[in-house]
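Undergrad: Fold the following for me, if possible:
(one chain, ligands or ions: 1)
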Amino acid sequence: MPLTLYAHPLSSYCQKVLIALYEHDVPFEFILLSPEQSENEAEFGKLWPIKLMPILVDGDRVIRESSIIIEHIDLNYANGPRLIPQDPKVALDVRFFDRVFDNHVMTHQQKIVFDFLRPEGAKDSYGVTGARERLDVAYAWLESVLSDGWSVGDRFSMADCAASPSLFYSSKTHAFAGRFPRLEAYLARLEARPSIARAREEAKPYWKFFPFAD
Ligand SMILES: N[C@@H](CCC(=O)N[C@@H](CS)C(=O)NCC(=O)O)C(=O)O
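TA: Residues are numbered from 1 along each chain as shown. From the prediction side, this is the model:
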């Protein structure tokens, strides 16, 4: 039975999973989640009442949470080098960096975007200032640990799938160009990767909906 991904091309966490699917060249059906496709949204809500995309349906299994989806793809459909290395110690590093990009970059950059979308009178400038401060701390830490390769050594991994949308979007919401050269160079390497370029290309028709689009 083919895999089915419920997602939207502009969503950062969906891009994270799309990159993994493209890395392994896994065929799947894409179900677009958007207000215009209410039947898709209704089905999605039944499969995952928390309603955070993406989710992957594989036969009678529903897999939620982007990192778990990538682990599932890597475990069952790997086609080429694994995104979670089989050496458990290296795998732990990959999972750690995956958490860093999700929790300490993506979360704060999303806070800035969601606050921008709030109506006047409901904005949280204190929270946004804190998010920007935390991003600067995360950027500085990443700058101090990143090498000239990927997040974990010289092997592309799940951590890089997470890094790509996190850093791409945060570079728009809270710029690091000119301040953190290693981070900037790492994002450029990510953007040149074919799986990532493809995900980015597919998001282009929706780019106008991103409030910090340039
Ligand atoms: N921890 C989740 C986060 C997923 C997430 O935040 N998805 C966003 C899109 S990037 C979403 O569905 N937002 C819809 C909403 O907040 O209502 C994961 O890793 O899959």
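
Undergrad: gap between the lengthiest helix in the chain and the chain center?
TA: In terms of residue count, the longest helix belonging to the chain (DSSP state H) is helix 125-145. Centroid separation for helix 125-145 versus its chain: 18 Å, with CA atoms, centre = their mean, to the nearest Å.

Undergrad: now stretch 191-206
TA: Here stretch 191-206 is found 12 Å from its chain centre; the criterion is CA atoms, centre = their mean.

Undergrad: Other residues contacting that stretch?
TA: 8-10, 15, 18-20, 22-23, 156, 160, 164-165, 168, 190 (CB atoms under 8 Å, 6 or more residues apart in numbering). The C-beta positions use only the backbone N, C-alpha and C, and glycine is treated the same way.

Undergrad: Out of the residues you listed, which is nearest to V113?
TA: Distance to V113, by CB to CB, is smallest for L10 among these, at 11.1 Å.

Undergrad: Now the closest one. Nearest residue, chain neighbours left out?
TA: With CB to CB, 6 or more residues apart in numbering as the measure, Y206 is the residue that lies nearest to L10, at 4.1 Å, once sequence neighbours are left out.

Undergrad: try S67
TA: Closest residue to S67 apart from its sequence neighbours, by CB to CB, 6+ apart: D98 at 5.5 Å.

Undergrad: who touches R179 in this structure?
TA: Contacts of R179 (CB under 8 Å, 6+ apart): Y139.

Undergrad: How about the secondary structure of it?
TA: coil (DSSP: H, G, I helix; E, B strand; the rest coil).

Undergrad: How about the backbone phi and psi for it?
TA: Main-chain torsions, R179, degrees, to the nearest 10: phi -110, psi -40.

Undergrad: Touching, A177 and A188? I think so.
TA: No. At 10.1 Å, A177 does not count as touching A188 under the criterion of CB atoms under 8 Å.
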